[in-house]
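Visitor: just need the structure, nothing else, for what follows:
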Amino acid sequence: MSDIAIYEDKMKKSVEALLEDYKTIRAGRANPHILDKIRVDYYNTPTPLQQVANISVPEARIIQIQPWDASLIKEIEKAIIVSDLGLTPNNDGKVIRLVFPELTEDRRKELSKDVKKKGENAKVAIRNVRRDANDVFKKQNKANEISEDELKDAEDSIQKITDKYITEVDKCVDDKIKEVMTV
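Guide: Sure thing, here's the model as predicted:
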């Protein structure tokens, strides 16, 4: 019988990927994780921003970026501008500040739709893992590697795990929507 833990791990990874995705959704509060994907040209090498600067959140709606090498200010600014963050960097020669504007009601609703869509995609991924697992179990049954009872038990186990992770995705979606809609 195929190892159910492999499929559970794949479902767990779908939830983890969703949570990573949610870190990049701005909810009007400064979250340094939105900078995770930004690369800066450092000696002709694309380098993660976290490796060339200190990133802090001095106030609820401001991210402060302090490069360890002051000559990088222009490069960091350029990297932020070309990214799709929609934020304009301000610099005073030593540090760069990103100010997050208050979100409008329309923008919050738009973000909520995005949160739900990402949640749906995670559920589809989880259901695909369930389908793949069930296909493997049915093939094993056809090849007489497992009995009808074992097939039924395996399908029941996979369904329980699927339900558990679908519920987890729903909770993640609800939590993120609550965060986005909070003024």
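Visitor: burial check on Asn91, number of neighbours?
Guide: Asn91: 14 surrounding residues under other CB atoms under 10 Å. (C-beta placed from N, C-alpha, C; glycine too.)
Visitor: can you tell me the closest non-neighbouring residue to it?
Guide: Of all residues not flanking Asn91 in the chain, Ile73 sits nearest, at 5.5 Å (CB to CB, 6 or more residues apart in numbering).
Visitor: hmm, that neighbour is touching Ile80, no?
Guide: No: counting by CB atoms under 8 Å, Ile73 does not reach Ile80; the two are 10.9 Å apart.
Visitor: joint contacts of those two?
Guide: When contacts are counted by CB atoms under 8 Å, 6 or more residues apart in numbering, Ile73 and Ile80 are jointly contacted by Ile96.
Visitor: can I get stretch 66-81 in PDB, CA atoms only?
Guide: Extracted in PDB, the C-alpha atoms of stretch 66-81 (Å, rounded to 0.1, in the frame of the first residue of the first chain):
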ATOM      1  CA  GLN A  66      18.900  50.800   5.900                       C
ATOM      2  CA  PRO A  67      21.500  49.500   3.500                       C
ATOM      3  CA  TRP A  68      24.800  48.400   5.000                       C
ATOM      4  CA  ASP A  69      26.600  50.000   2.100                       C
ATOM      5  CA  ALA A  70      25.200  53.600   1.500                       C
ATOM      6  CA  SER A  71      26.100  53.400  -2.200                       C
ATOM      7  CA  LEU A  72      23.300  50.800  -2.600                       C
ATOM      8  CA  ILE A  73      20.500  53.400  -1.900                       C
ATOM      9  CA  LYS A  74      19.900  54.100  -5.600                       C
ATOM     10  CA  GLU A  75      19.900  50.400  -6.500                       C
ATOM     11  CA  ILE A  76      17.500  49.500  -3.700                       C
ATOM     12  CA  GLU A  77      15.200  52.300  -4.700                       C
ATOM     13  CA  LYS A  78      15.300  51.200  -8.400                       C
ATOM     14  CA  ALA A  79      14.500  47.600  -7.300                       C
ATOM     15  CA  ILE A  80      11.500  48.700  -5.300                       C
ATOM     16  CA  ILE A  81      10.200  50.900  -8.100                       C
END
